[in-house]
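> structure for the following, please:
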Amino acid sequence: MVIVLDYLAQGLNFSYTFVRPPDGTWGTKLKDGFWTGMMGQVYRKEVDIGLGPFAIGLLRVEAVDFSWPLYIEPVRVLAGRGLPEVDPWGFLFPLAPLVWVAILMVLLLLPAFLLILAACLSHHTLKPDYMFTEMFVLTQVLLQQSVRVQKEWWWWQRVVVGMWMLVTVVLTKSYAGNLMSLLAVRYIPEPYQTLRDVLDDPNVIMIFQKNSIICEAINAAESGVMKEVRDSQTDNRVEFLTVNQYVSEHVLNNEVKSGRKVIIEVDTITNIIKGQEFSKTGSCDYYSSREAILPRSVGMIGHKDSPIVPSLSRGKQELTEANLYHCTEDTKTAPYTAPEKANITDRTKVLWETRTNVINRRNGILESWHKELSPEFDEDDTITSSSSIGNVFPNGGHQHPPMNSKSRMT
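This is a model prediction of the structure:
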């Protein structure tokens, strides 16, 4: 976001100063109507804009104006990977559950179908155990055991058994190949793929960022999963921490990796944590859930009816339409410092060429901004911006300038 602010400052011809909120949070509305964090600074007009990016919510829209959204960001569960293990039920994994159910249903229904055909087409008296005999034959075929064709079998019995043989050949070959692949790679458990999975485990503690948009959703929920999260606070299963607190080595290494706690946070921060883990160790012991929780549009904020917000919105719209923001954002999810044993490939050249193209496109957009938008600000205009997450991640991520630093762009 600092890069975006630099682009906007060059295009709109203003300088800015960073001010951090005292509590280091995004901010939320308390029961007495007081706004905390960066939201409170913007709402009380202590600063001109909030850098964010801030997720759009109902309470926030009533207090501040949002700029053009940059992207849609979901919340995910960040948990520690388990140790490689051999699953005792691994022999069931090569085939999907529906396939196993279909096989069982065929073994039950196909003998009944043969019994109906025999009763309708055969002139011989059927034995009492006819159906069980046919089921045993079909099971032998499935287990690839030898089956002796009886002389008294009718042509339709031979056709049915022959078709079943073709089906079982495909099934057994598929099963054997998938089973071999599963045995070659040990299973690493990743149990928390949804917020429901976390709630169903009574032994895990959930960590949320203090005064964030998801806290507002939890407090406002009247039913559903979020209400269950709020109710679980009575069992001491929920903790609200600042970013500085939960990215500490004690929490990440001792609590999250061990599986005692999970962090429920936006994609940007979870990707930074995983990237830094890979930079330090050469591997990543964390994983993110597949479920995207509360995806919301995010953007900067300003005072209600502030003339600054429409100007910033137009510049951010140019950035997103030219795909400049996503080009710079994609590089942030990569490891910040490569491990010593990593191999250097042609990807370095591709990344360099991509950065060059981004810079060229950015310069063209900045030149158009100077022509179209610069009259809206004087040369000495200064905008105060509120930000809170800077310097939390020393090797990357949100690298904001020091507090109260002031720079002028002309």
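> drop to CA atoms for contacts and neighbour counts, all remaining ones
Will do.
> checking residue 231 next. Helix, strand or coil?
Following DSSP: H, G, I helix; E, B strand; the rest coil, residue 231 is assigned to helix.
> burial measure for it, as a count.
The local packing of residue 231 (other Cα atoms under 10 Å) involves 14 other residues.
> can you give the contact residues for stretch 247-266?
The set of residues external to stretch 247-266 that reach it, using Cα atoms under 8 Å, 6 or more residues apart in numbering, is 73-82, 203-209, 245-246, 273, 285-286, 392.
> filter the residues you listed down to the buried ones.
Buried members of the contacts of stretch 247-266, scored by 16 or more other Cα atoms under 10 Å, are 73-82, 204-209, 246, 273, 285-286, 392.
> mind checking which of these are in strands?
Members of these lying in strands (criterion: DSSP state E): 73-80, 205-209, 286.
> among those residues, which one sits closest to residue 1?
Top of the list for closeness to residue 1, among these and by Cα to Cα, is residue 73 at 13.9 Å.
> contacting residues around residue 69?
Contacts of residue 69 (Cα under 8 Å, 6+ apart): 297-300, 316.
> now for whichever helix in the chain runs longest, which elements pack on it?
When the chain is scanned for its longest helix (criterion: DSSP state H), the result is helix 155-184. In terms of contacts (3 or more Cα pairs under 8 Å, 6 or more residues apart in numbering; DSSP states H and E), helix 155-184 is packed against helix 130-142.
> avg pLDDT for the helix it packs on?
The predicted model gives helix 130-142 an average pLDDT of 78.
> residues contacting it, please?
107-108, 110-112, 114-115, 146-147, 161, 164-165, 168, 172.
> relative to helix 155-184, how tilted is it?
40 degrees (axes from the mean of the first three to the mean of the last three Cα atoms, to 10 degrees).
> circling back to that earlier point, would you mind giving the ones in strands among the buried ones among the contacts of stretch 247-266 as TSV with distance to residue 226 added?
Shown next, in TSV, are those (distance: Cα to Cα, whole Å):
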residue	distance to residue 226
73	18
74	15
75	13
76	14
77	14
78	17
79	19
80	22
205	15
206	12
207	14
208	12
209	15
286	24
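> tell me the one of those nearest residue 30?
Closest to residue 30, out of all of those and judged by Cα to Cα, is residue 209, at 15.6 Å.
> show me where the stretch 1-150 of the chain has helices.
2-12, 37-43, 58-63, 97-121, 130-142 (DSSP state H, counting those that start in this stretch).
> most neighbours per residue, which of those helices?
helix 37-43 (a mean of 25; mean count of other Cα atoms under 10 Å).
> so how far is the longest helix of the chain off the chain centroid?
Helix 155-184 sits 38 Å away from the centroid of its parent chain (Cα atoms, centre = their mean, to the nearest Å).
> now that helix: average pLDDT?
83.
> list the buried residues for that helix?
Neighbour-count burial for helix 155-184 [16+ other Cα under 10 Å]: 161, 164-165, 168, 175, 178-179, 182.
> helix or strand right after it?
Once helix 155-184 ends, the next helix or strand along the chain (criterion: DSSP states H and E) is helix 195-200.
> and the longest helix of the chain with helix 97-121, angle?
Using the same axes, to 10 degrees: helix 155-184 against helix 97-121 is 170 degrees.
> my guess is residue 51 contacts residue 4. True?
No: taking contacts as Cα atoms under 8 Å, residue 51 lies outside contact range of residue 4: 9.4 Å.
> residue 238 touches residue 231, doesn't it?
No: using Cα under 8 Å, residue 238 makes no contact with residue 231, being 9.4 Å away.
> ok, residue 90 to residue 180 distance?
11 Å (Cα to Cα, to the nearest Å).
> my error: substitute residue 54 in the last question.
Taken as Cα to Cα, the span from residue 54 to residue 180 is 48 Å.
> cool, residue 34 as well?
Distance from residue 34 to residue 180, by Cα to Cα: 61 Å.
> any idea how far residue 307 is from residue 65?
Computed as Cα to Cα, the residue 307 to residue 65 distance reads 10 Å.
> show me which of these two is the more surrounded one.
Using other Cα under 10 Å as the criterion, residue 307 and residue 65 rank with residue 65 on top: 22 against 11.
> residues in contact with the more buried one?
301-306, 309.
> ok, now residue 85?
Per Cα under 8 Å, 6+ apart, neighbours of residue 85: 186-188.
> again, only using 6 Å
For residue 85, the contact set (Cα atoms under 6 Å, 6 or more residues apart in numbering) comprises 186-187.
> for it, give the beta-bridge partners.
For residue 85, the beta-bridge partners are residue 187 (DSSP bridges).
> identify the residues contacting residue 156.
No contacts exist for residue 156 under Cα under 6 Å, 6+ apart.
> how near is it to residue 120?
Counting by Cα to Cα - residue 156 and residue 120 are separated by 12 Å.
> same check, this time on residue 192
For residue 192, the distance to residue 120 equals 54 Å [Cα to Cα].
> try residue 168
27 Å.
> what number of residues lie near residue 216?
Neighbours of residue 216 using other Cα under 10 Å come to 18.
> looking at this, it is in a helix?
Yes: with three-state DSSP as the criterion, residue 216 is located in a helix.
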